[in-house]
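Participant: Fold the stuff below for me.
(chains A and B)
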Amino acid sequence: MSLGPKLGALWRLGVAEATAYRASLLVWVLTTALPLVSLVLWHALAADGPIADYDQRAFDSYFVAAFLVRQLTATWIVWDLDRQIRTGELNALLMRPVSPVLHHAMFNLAAMPLRAGLAAPVAALVLIATGGMSLADSASSWLLFVPALILAWLLAFSIQLCIACLAFWLTRASDLYDLWISAYIVLAGYLVPTSLFPSGFGEVARALPFHATLGFPVELLIGRLDTAEALTGIGIQLAWLALFMTLGAWLWRRGLRAYGAFGA
Amino acid sequence: MPELGRNLRYVAAALRVSVLAALEYRVGFWTEAVLGVIWSLAGAAPLVVALEHRPDIAGWTPWEVVLLSGFYLIFAGAFGALIEPPLFETMNHIRRGTLDYVLLRPVDSLLACMVSAFQPWRSLEMLAGAALVVVAALRLELRPGPEQLAMLAGALACGFTALYALGVLALSLSFRAMQLQNLAFLMESSIELARWPISVFRGPLKAVFTFVIPFAVMTSYPAQALLGRLDLGAAVGALVTAAALAGLARVGWARGVKNYTSASS
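Facilitator: Below is the predicted model of the structure:
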């Protein structure tokens, strides 16, 4: 049996699981709706004039886009894999003919359509309340947005994989991910666009992987980047992705050896 | 009242166990306490950005925002140290059906659950918050009289009651459906909003954050009390909100436990 049908089966399983736990998924969508509250805050703060180059409509566009990109780059392999390594549940996955990493990737991706379906009405309501958003008007931005979004998801997934693999040696790797999330919330452009950071600090933040997974695709989508900036951003994404994928693959192989050593 | 004494002794014992466990893992001082404080401070970045571009945030000057951030740290630390750990612990018990062992103990069931786990290291965040409040108060040259201090104590008491009640409500809902156990995460992420002065919010959101999920009572009101800007009407509103939430939590918990079926029954 080739890989295609196996992945198809995993996809169907993932869709079934997401549908079964739809209430839970909705709470997760709300948990990641912080950008929409940031929208209200910054919308109010910009009431007496634009803040730097963001007026009210720009903030509305930014944060609705941030909410949507956050949903479309969602992945949770770190919690599942961390638990499976700690409790030994991973054994069952290792017996299957598909790598556990691919298994998690398919499950996470399979929840995407339903997640988007749950998030869309929320975003639509906000758009009705705020009176719409401005999107990129150049074709090149839209063409580049698709790979930027895919790279953002891959990057988020590989980062979580790297941290989850540390569970082969540490007792609870997901605690480390909490630290990562705290940094992400501040530096990814989740609560405030990074271009509003004080200069110097802002440039550093924009080169980090946090921004590559959220702020960059968002700015591309609302048309705040020209083609050169967009290509630079994709270059940064590719560089971080190469790093985290290599690291992830290495940790996974080393980890499995350590896991076998005390699991067998 | 022998019952009260027994409950108090139980709380003291639970606290002691958690503290001893935390002292065993001293690396937690760095990973939980120090980093927790650093990231809570870093989370103030949007406030700093706003003050870079504006002289004040909805009427709050920079040092008043520092005062507010101090109260935020106190509440975020309390949530991380005292409320979130027992929520996760109890939800685990509910999921695995082992809550029986907790319910059998000769103390109030809600009390037994809400002291089932602590993260003592996270309480350092509360200390950092208190220090921030003192520094900001000195900088603002505040001389709070007894009336303001009473208001402050009242606002803090209402804020803590409301926070606990929200936690218990999330817990009560998780009896209903295992799927709702991530409500604790929703609480954790939305508490971020308590950083902002309530005056930033307008319309229905302002009402929600004052009366339903009263972040205003937790951070804005104590700061306003110290600044002498908390009027009596708002204070009474806070009292009513906290009492209503506490009552709702008690009822929610009673119904939750009633619906609980252990693993084998």
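
Participant: Enumerate the residues of chain A near chain B.
Facilitator: Residues of chain A lying close to chain B (C-beta under 8 Å from any C-beta of the partner chain) are A:21, A:23-24, A:27-28, A:30-32, A:34, A:37-38, A:40-41, A:44-45, A:51-52, A:175, A:179, A:182-183, A:185-186, A:191-192, A:196-198. No exception for glycine: its C-beta is placed from N, CA and C like everyone else's.

Participant: So what's the residue count around A:L231?
Facilitator: A:L231: 13 surrounding residues under other C-beta atoms under 10 Å in any protein chain shown.

Participant: Just say helix, strand or coil for the closest residue to B:I83 other than its chain neighbours.
Facilitator: Setting aside the residues directly before and after it, B:I83 is nearest to B:G167 in space (C-beta to C-beta, 6 or more residues apart in numbering or on different chains), at 4.5 Å. Look at B:G167: counting by DSSP: H, G, I helix; E, B strand; the rest coil, its state is helix.

Participant: got a list of what B:G167 touches?
Facilitator: Residues near B:G167 by C-beta atoms under 8 Å, 6 or more residues apart in numbering or on different chains: B:F79, B:I83, B:E84, B:L87, B:M114, B:A184, B:M187.

Participant: ok, and the closest non-adjacent residue to the last one?
Facilitator: Counting by C-beta to C-beta, 6+ apart, the nearest residue to B:M187 once its immediate chain neighbours are dropped is B:A170, at 5.9 Å.

Participant: try the fourth one
Facilitator: Computed as C-beta to C-beta, 6+ apart, the closest residue to B:L87 that is not its neighbour in sequence is B:A184, at 4.7 Å.

Participant: Kindly report the same for the fifth one.
Facilitator: Nearest residue to B:M114 in three dimensions, chain neighbours excluded: B:P86, at 5.0 Å (C-beta to C-beta, 6+ apart).

Participant: got the buried residues for the helix or strand harbouring the one you found?
Facilitator: Counting by DSSP states H and E, the element that carries B:P86 is helix B:84-96. By neighbour count on 16 or more other C-beta atoms under 10 Å in any protein chain shown, the buried set for helix B:84-96 is B:E84, B:P85, B:P86, B:L87, B:E89, B:T90, B:M91, B:H93, B:I94.

Participant: Please list all residues in contact with the residue most central in space within chain A.
Facilitator: Centroid check for chain A by C-alpha atoms, centre = their mean gives A:T73 as the closest residue, at 3.2 Å. By C-beta under 8 Å, 6+ apart, the residues touching A:T73 are A:L149, A:A152, A:W153, A:A156, A:T213, A:L214, A:P217.

Participant: From what I see, the third one and A:Q71 are in contact.
Facilitator: Think A:W153. No. Counting by C-beta atoms under 8 Å, A:Q71 is not a contact partner of A:W153; they are 10.8 Å apart.

Participant: what about the residue nearest to the centre of chain A, distance to A:L30?
Facilitator: Distance, A:T73 to A:L30, using C-beta to C-beta, to the nearest Å: 17 Å.

Participant: And for A:Q84?
Facilitator: A:Q84 is 26 Å from A:L30, by C-beta to C-beta.

Participant: Which helix or which strand is home to B:R16?
Facilitator: Short version: B:R16 belongs to helix B:2-24, going by DSSP H and E.

Participant: Tell me the buried residues in the helix or strand encompassing B:L138?
Facilitator: Element membership for B:L138 (DSSP H and E) is helix B:124-139. In terms of neighbour count (16+ other C-beta under 10 Å), helix B:124-139 has its buried residues at B:L124, B:E125, B:M126, B:A128, B:G129, B:L132, B:V133, B:A136, B:A137.

Participant: does chain A sit close to it?
Facilitator: No. Residues of helix B:124-139 are not located near chain A by C-beta under 8 Å from any C-beta, the shortest gap being 12.3 Å.

Participant: neighbouring contacts of that helix?
Facilitator: Residues contacting helix B:124-139 (C-beta under 8 Å, 6+ apart): B:33-34, B:36-37, B:40-41, B:63-64, B:66-67, B:69-78, B:80-81, B:144, B:226.

Participant: same check, this time on stretch B:35-45
Facilitator: Outside of stretch B:35-45, the residues within contact range by C-beta under 8 Å, 6+ apart are A:179, A:182-183, A:185-186, A:191-192, A:197, B:69, B:72-73, B:76-77, B:80, B:121-122, B:124-125, B:128, B:192, B:195.

Participant: from the residues you listed, which would you call buried?
Facilitator: A:179, A:182, A:185-186, A:191-192, A:197, B:69, B:72-73, B:76-77, B:80, B:121-122, B:124-125, B:128, B:192, B:195.

Participant: Give me every residue in the stretch 51-200 of chain B lying close to chain A.
Facilitator: B:52-54, B:57-58, B:177, B:179-183, B:185-186, B:189-190, B:192-193, B:196, B:200.
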